[in-house]
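Asker: Structure for this input, please:
(2 chains)
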Amino acid sequence: DGGITQSPKYLFRKEGQNVTLSCEQNLNHDAMYWYRQDPGQGLRLIYYSQIVNDFQKGDIAEGYSVSREKKESFPLTVTSAQKNPTAFYLCASRTGTLQGISPLHFGNGTRLTVT
Amino acid sequence: AQKITQTQPGMFVQEKEAVTLDCTYDTSDPSYGLFWYKQPSSGEMIFLIYQGSYDQQNATEGRYSLNFQKARKSANLVISASQLGDSAMYFCAMREKGSQGNLIFGKGTKLSVKP
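Answerer: Predicted coordinates:
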């Protein structure tokens, strides 16, 4: 079955450590996105990528980095510079066709806790 | 200013009854799309329904329908014949033309279906 796989589901880190969240899709989608969700909040865009080897900052990119070396993969690194990294992180992808109406397809998320 | 406003933090509905979840949006772009997602307690985001700004008819998908009032800039989700499995967070989101596919999300409404 096609879909988006995020791993791990739960992640615990000590303050000051970088951590990388995995996102893999086998939907053959061109575009991929990372969102952050805090309790009682909607989703906020961190980074997105329309094609391989290219990505753009979203609304809250500070303290995060990404890479897009393969179409299927879009890992997110939460660096020690991110002041409040504890959150629920969602990866999404979208087909490049029917651009206006194509929905985002989401993974199951990674819950990161930094202490 | 918020682009997507969901004014109901929480809603209760009796099983088998219909419920309306409110969403208002703010954009000056004449071309945009509106999406609704469901997020169960497990965390994944499930796409429910889409409405384009130029669509003449309200969108429907099974028990979900979208009450689109363009002049009022509202896109309320109507769930008919509520089921216990409908208990979840519901998010309204908007895509503007030229946004490269990004979605702007509201803060969500938590729906609880009572047996």
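
Asker: Pull up the residues of chain A that are close to chain B.
Answerer: Residues of chain A lying close to chain B by Cβ under 8 Å from any Cβ of the partner chain are A:31, A:33, A:35, A:40-45, A:48, A:50, A:56, A:58, A:88, A:90, A:92, A:94, A:99-109, A:111. For glycine as for every other residue, the C-beta is placed from the backbone atoms N, C-alpha and C.

Asker: at 7 Å what do you get?
Answerer: Contact residues, chain A versus chain B (Cβ under 7 Å from any Cβ of the partner chain): A:31, A:33, A:40-43, A:45, A:48, A:50, A:88, A:90, A:94, A:99-101, A:103-104, A:106, A:108-109.

Asker: In ChimeraX, select just the buried ones from these.
Answerer: The buried residues among these can be selected in ChimeraX (16 or more other Cβ atoms under 10 Å in any protein chain shown) with this line:
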select /A:31,33,42,43,45,48,50,88,90,94,99,100,103,104,106,108,109
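
Asker: shaky segments in chain B?
Answerer: Applying pLDDT under 70 to chain B flags residues B:1.

Asker: let's see it at 50
Answerer: For chain B, applying pLDDT under 50 flags no range at all.

Asker: Strands of that one, residue ranges please.
Answerer: Ranges of strands in chain B, per DSSP state E, are B:4-5, B:10-14, B:19-21, B:24-25, B:32-39, B:46-52, B:60-61, B:64-69, B:74-79, B:88-96, B:104-105, B:109-114.

Asker: Format those strands as JSON lines; extra columns: distance to chain A and mean neighbour count.
Answerer: Listed next are these as JSON lines, based on distance: least, Cβ to the nearest Cβ, whole Å; neighbours: other Cβ atoms under 10 Å in any protein chain shown:
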{"stretch": "strand B:4-5", "distance to chain A": "7", "mean neighbour count": "19"}
{"stretch": "strand B:10-14", "distance to chain A": "11", "mean neighbour count": "13"}
{"stretch": "strand B:19-21", "distance to chain A": "14", "mean neighbour count": "19"}
{"stretch": "strand B:24-25", "distance to chain A": "13", "mean neighbour count": "20"}
{"stretch": "strand B:32-39", "distance to chain A": "6", "mean neighbour count": "23"}
{"stretch": "strand B:46-52", "distance to chain A": "4", "mean neighbour count": "18"}
{"stretch": "strand B:60-61", "distance to chain A": "11", "mean neighbour count": "12"}
{"stretch": "strand B:64-69", "distance to chain A": "13", "mean neighbour count": "18"}
{"stretch": "strand B:74-79", "distance to chain A": "14", "mean neighbour count": "22"}
{"stretch": "strand B:88-96", "distance to chain A": "6", "mean neighbour count": "24"}
{"stretch": "strand B:104-105", "distance to chain A": "4", "mean neighbour count": "22"}
{"stretch": "strand B:109-114", "distance to chain A": "9", "mean neighbour count": "17"}
